[in-house]
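Colleague: only geometry, no sequence info:
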């Protein structure tokens, strides 16, 4: 009981749920994304208000983003129309703006928005390959976007990531394809960098706004880090289509559950 009181968690079953959700989320984020489909519902289930749950889950997954960005450090290259410095600045500005909006979103409002956000993110995962193909064809048929359009696109993606984060990787890759980037390693490198930066600034704002349950976040952070390292080895053995559709099914189930609770 003393340990439970120290952690501020009601039961060992809740601890087990949070650890399992974070571990699997870390593994999913390492190979495909979709970790927030598990961390957000798990935190809400154990009694954390939706806005705080969203912020706390994002904190828990931050180390995975940072590690991924470091792993691709040699492959990073900004998309056409943007320099690396501008990409970094826009990621931070957009992530900060999205996080600030979350601070001012009432829990009741966010609870109503969450299922729609989950459905949108699920659709991104379901049609991710088609979105990438469409974006590539769109670029091939025309000219690379101007600097202003590239900046606006980066800002919008970062804003979304700072507010919710689900499906962020797909959005990043689609944006870079539309801007004319063709090297997959460079795209993945920038995706990881943008995700890490906007998540880091969002976490700082969440913390300043007092909407992070730190005991829950640190507990889940350890599990997510272990999942990102060890769980990814198992997830890599699952066929890509099976993994993607498993994530899609998880997103749909979670969205339905939130619709029912709303």
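Modeller: Now that the structure is in, tell me what you want to look at. Keep in mind the model is a prediction, meaning the values are calculated, not measured.
Colleague: flag the shaky bits of the protein, pLDDT-wise.
Modeller: Along the chain, segments meeting pLDDT under 70 span 1-8, 10, 32, 138-145, 231-233, 235-236, 262.
Colleague: longest helix anywhere in it?
Modeller: helix 184-208 (DSSP state H).
Colleague: that one: what's the following helix or strand?
Modeller: Proceeding N to C from helix 184-208, the next assigned helix or strand is helix 214-226, under DSSP states H and E.
Colleague: next one: that next one to chain centre, how far?
Modeller: Centroid separation for helix 214-226 versus its chain: 16 Å, with CA atoms, centre = their mean, to the nearest Å.
Colleague: okay, the angle between it and helix 184-208?
Modeller: 160 degrees (axes from the mean of the first three to the mean of the last three CA atoms, to 10 degrees).
Colleague: do I have it right that residue 62 meets residue 199?
Modeller: Yes - using CB atoms under 8 Å, residue 62 is in contact with residue 199, at 5.3 Å. Any C-beta I mention is one placed from the backbone N, CA and C, and that applies to glycine too.
Colleague: more neighbours, those two?
Modeller: Between residue 62 and residue 199, residue 199 has the larger neighbour count (other CB atoms under 10 Å), namely 28 against 19.
Colleague: for the more buried one, what are its contacts?
Modeller: Residues in contact with residue 199 (CB atoms under 8 Å, 6 or more residues apart in numbering) are 58, 61-62, 65, 95, 161-162, 165.
Colleague: now residue 63
Modeller: 221, 224-225, 228.
Colleague: go with 10 Å
Modeller: Neighbouring residues of residue 63 by CB atoms under 10 Å, 6 or more residues apart in numbering: 26, 196, 199, 221-222, 224-225, 228.
Colleague: what about these, which one has the most neighbours?
Modeller: Using other CB under 10 Å as the neighbour test, these are led by residue 224, with 33 neighbours.
Colleague: identify the residue spatially nearest to it, adjacent ones excluded.
Modeller: With sequence-adjacent residues excluded and distances taken as CB to CB, 6 or more residues apart in numbering, residue 224 is closest to residue 26, at 3.5 Å.
Colleague: so that neighbour makes contact with residue 229?
Modeller: Yes - using CB atoms under 10 Å, residue 26 makes contact with residue 229 at a distance of 7.9 Å.
Colleague: what is in contact with those two at once?
Modeller: By CB under 10 Å, 6+ apart, residue 26 and residue 229 have these common neighbours: 64, 67.
Colleague: chain center to stretch 184-199: distance?
Modeller: 12 Å.
Colleague: buried stuff in that stretch?
Modeller: Across stretch 184-199, burial judged by 16 or more other CB atoms under 10 Å covers 186-199.
Colleague: also stretch 20-29?
Modeller: 21-29.
Colleague: report how many residues lie close to residue 243.
Modeller: So residue 243, with other CB under 10 Å, has 18 neighbours.
Colleague: element containing the spatially closest residue to residue 219 that is not a sequence neighbour?
Modeller: Among residues not flanking residue 219 along the chain, residue 18 sits closest, at 6.1 Å (CB to CB, 6+ apart). Under the criterion of DSSP H and E, residue 18 resides in helix 12-31.
Colleague: return the distance of the following helix or strand past that helix from the chain's centre.
Modeller: Where DSSP H and E defines the elements, the next helix or strand beyond helix 12-31 is helix 36-45. A distance of 13 Å separates the centroid of the chain from that of helix 36-45, by CA atoms, centre = their mean.
Colleague: which parts of the helix or strand following helix 36-45 are buried?
Modeller: Later in the chain than helix 36-45, the nearest helix or strand by DSSP H and E is helix 50-71. By neighbour count on 16+ other CB under 10 Å, the buried set for helix 50-71 is 50-69.
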